[in-house]
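S.K.: fold the following, please.
(2 chains)
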Amino acid sequence: MSKPKYNEFQIFDKVDDSVTFKIETKMANSFFVYLQQLELMAFFSGYPLIYAVIIYFAGNKRAENNFKTRILAVLPFAYAFTGTLYLGLQLKKLYFNYSSENVKLLMHSPYLMIWALISILFWIPAVGRKRALSLLHSLVFFFFLVKDIILQFASSADENILKNDMRIYTVSLLLNIGSLVLMLLLSFLFLPKKKQELK
Amino acid sequence: MKLFNNKALLLIALILISGYGYIASCTHKDLILPDQSTGTVIINRGNSVFLPGTETKGDTTQWKMDKVHSSVLWSGDYLQQGALLTGRFNMFGLNSLPSSARQLYVTKGQPVLDTSWAFYENDPTKTYFAGYVQMNTSNTGEPGRDGNCYLGYVAAPKIITGTQNLQDSNVAVIRTTKVEFDTKSPGYIVTMVMSWKGLLSAPHDTTINGTLSYVKRSTIDAGTAKAYDVFGLQLNFKFNCRSFGMTTDEISDIVSVQCNINFNNL
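M.R.: Down below sits the predicted model:
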């Protein structure tokens, strides 16, 4: 087979720097949006499964014992604690410069970030009593995982994306379990005889 | 809300989704394989073919050099015995630069199309490339050095703002003459002709060997409307700068060059 010749060289009539810049900006933006999405998944995507397990095993209409009552009661507070940790991470990123410009630079997905920070409202007892709301809130982030699973299933997309998602999901499960255990311990330490208030 | 009141259904659905995710993501790619008993290197190459076409934006069959995410790096021993002296070329491209193209261009971007290449993963006889660097765009991070003594060491003209100088006095060009499989790695052995005037009276050609690595194609933003593909080529080679009349003892005889070239089909 004969060796191919070099392509004819061509000179640009006009070099469009703005197009190059737009492509560069688009690639950089999508990358940071993806990173922020992973960050949100790391905090919140594991909560629905933990919620479902606890509700299944402890969520009888008539609470059988103090432990089940407590774990059900602290569930939304554990979620609020996770949200607080997320807020802490964002504040840590902004450390030294809390200007509005810096905040804008940090917020690649502002709506998702605001939605994530709403989880802090579960510290309010009136909101915390509505446990199903915490599930609905966290399902938004679980949806990212579902989306990538469907894409991988439907179009054989890059399996490394799903692999990465599952690692993040595992971290999220561990983080939410940790939050729940911590809240449970605190409830035993500081609210030993106020189980009725927790309900 | 009925769905969420059905605890078992919710739990089963979440376990199934999570379980499928773990199973589907289990690629075993990170497993460290045991040493082969025979010592024979097993190399699996795909059949990817990448061609530049005419660099038409939006045509996903045409692969474009992603200049902003590529680099051409050089290094050599400082004072022939110290640690490495390193730098990069700010302006480079993939064009064979025929004599008619060797001129000054008034532009800040790529002066000529980066289309002098083709890559066949499983047929190196069809693979070829030609590339150039503008010698006066070397960047060591020390502007005082880059714009002054360095230019004298390589006999390159000063940079004229807003222009790209592809004249003989300012370009070093490499052009492959043979690409073949490396039997000991998944890469390729490349034979090239390097052409550079340096401090000589006319451009001098010398044959050099290098290694070429292919970084496999992958999809970015897979499954979305803005999905695109990327792949990379890494070329490593060395040359003797004395062959081109360089006499400075600031750097050793042997200069190493690494070209990291990324491509996309945007």
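S.K.: CA only for contacts and neighbour counts going forward, please
M.R.: Will do.
S.K.: so what are the sheet partners of the strand or helix carrying residue B:256 and their directions?
M.R.: Using DSSP states H and E, residue B:256 falls within strand B:254-264. Next to strand B:254-264 in the sheet, as set by DSSP bridges, lie strand B:64-65 (antiparallel), strand B:71-77 (antiparallel), strand B:228-240 (antiparallel).
S.K.: so where's chain B uncertain?
M.R.: Within chain B, the stretches with pLDDT under 70 are B:1-5, B:27-31, B:35-39, B:80.
S.K.: what residues does the strand holding residue B:256 touch?
M.R.: Applying CA atoms under 8 Å, 6 or more residues apart in numbering or on different chains, the contact partners of strand B:254-264 are B:63-67, B:69-76, B:228-241.
S.K.: listing partners with orientation, what would you give for the lengthiest strand in chain B?
M.R.: In chain B, with assignment by DSSP state E, the single longest strand is strand B:204-220. Within its sheet, and counting by DSSP bridges, strand B:204-220 is paired with strand B:188-196 (antiparallel), strand B:228-240 (antiparallel).
S.K.: and the longest helix belonging to chain A, is it in reach of chain B?
M.R.: Counting by DSSP state H, the longest helix found in chain A is helix A:159-190. Yes - residues of helix A:159-190 contacting chain B under CA under 8 Å from any CA of the partner chain: A:159, A:160, A:162, A:163, A:166.
S.K.: tell me which of the strands paired with strand B:204-220 sits most buried.
M.R.: Most buried of these, by mean neighbour count (mean count of other CA atoms under 10 Å in any protein chain shown): strand B:188-196, with a mean of 21.
S.K.: list the contacts of residue B:182.
M.R.: Per CA under 8 Å, 6+ apart, neighbours of residue B:182: B:188, B:189.
S.K.: give me that answer again for 10 Å
M.R.: B:43, B:188, B:189, B:190, B:211, B:212, B:213 (CA atoms under 10 Å, 6 or more residues apart in numbering or on different chains).
S.K.: what does residue A:80 give?
M.R.: Counted by CA under 10 Å, 6+ apart, residue A:80 has contacts A:74, A:86, A:116-124, A:128, A:134, A:179.
S.K.: how much space between residue B:197 and chain A?
M.R.: Relative to chain A, residue B:197 is positioned 21 Å away (CA to the nearest CA, to the nearest Å).
S.K.: who's in contact with that residue?
M.R.: Counting by CA under 10 Å, 6+ apart, residue B:197 has contacts B:154-156, B:168-173, B:203-205, B:243-245.
S.K.: ok, now residue A:56?
M.R.: A:50, B:5, B:6, B:7, B:8, B:9, B:10, B:11.
S.K.: and the residue in the stretch 51-200 of chain B that chain A sits nearest to, how far from residue A:123?
M.R.: As assessed by CA to the nearest CA, chain A sits closest to residue B:112 within the stretch 51-200 of chain B, at 4.5 Å. Counting by CA to CA, to the nearest Å, the separation of residue B:112 from residue A:123 is 61 Å.
S.K.: on that earlier part again, could you identify which of the contacts of residue B:197 has the most neighbours?
M.R.: residue B:170 (27 neighbours; other CA atoms under 10 Å in any protein chain shown).
S.K.: pLDDT below threshold where in chain A?
M.R.: Looking at chain A by pLDDT under 70, you get A:1-29, A:60-65, A:155-158, A:192-199.
S.K.: now the helices for it?
M.R.: Using DSSP H, helices in chain A cover A:17-44, A:47-58, A:66-94, A:100-106, A:110-117, A:125-128, A:131-155, A:159-190, A:195-198.
S.K.: any idea which of those gets closest to residue B:117?
M.R.: Smallest distance to residue B:117 across the helices of chain A (CA to CA): 20.8 Å, for helix A:17-44.
S.K.: please see if the helix ranked longest in chain B touches chain A.
M.R.: For chain B, the helix that runs over the most residues, judged by DSSP H, is helix B:7-24. Yes - Helix B:7-24 lies within reach of chain A by CA under 10 Å from any CA of the partner chain, at B:7-15, B:17-24.
S.K.: can you give me the helices for the stretch 51-200 of chain B?
M.R.: Remark: helices assigned in the stretch 51-200 of chain B by DSSP state H, counting those that start in this stretch are B:143-146, B:149-154.
S.K.: what does the stretch 51-200 of chain B put close to chain A?
M.R.: So the stretch 51-200 of chain B meets chain A at B:52-54, B:57, B:66-69, B:94-98, B:100-101, B:105-118, B:125-130, B:175, B:177-178 (CA under 10 Å from any CA).
S.K.: recalculate using a threshold of 6 Å.
M.R.: The stretch 51-200 of chain B has residues B:109, B:112, B:113, B:116 near chain A, with proximity defined as CA under 6 Å from any CA of the partner chain.
S.K.: so which of those is the most crowded?
M.R.: Most surrounded of these: other CA under 10 Å gives residue B:116, at 23 neighbours.
S.K.: the residue lying closest to residue A:134 once chain neighbours are set aside and chain B, how far apart?
M.R.: Distances taken as CA to CA, 6 or more residues apart in numbering or on different chains put residue A:76 closest to residue A:134, at 6.1 Å, once the chain neighbours are dropped. Counting by CA to the nearest CA, the separation of residue A:76 from chain B is 15 Å.
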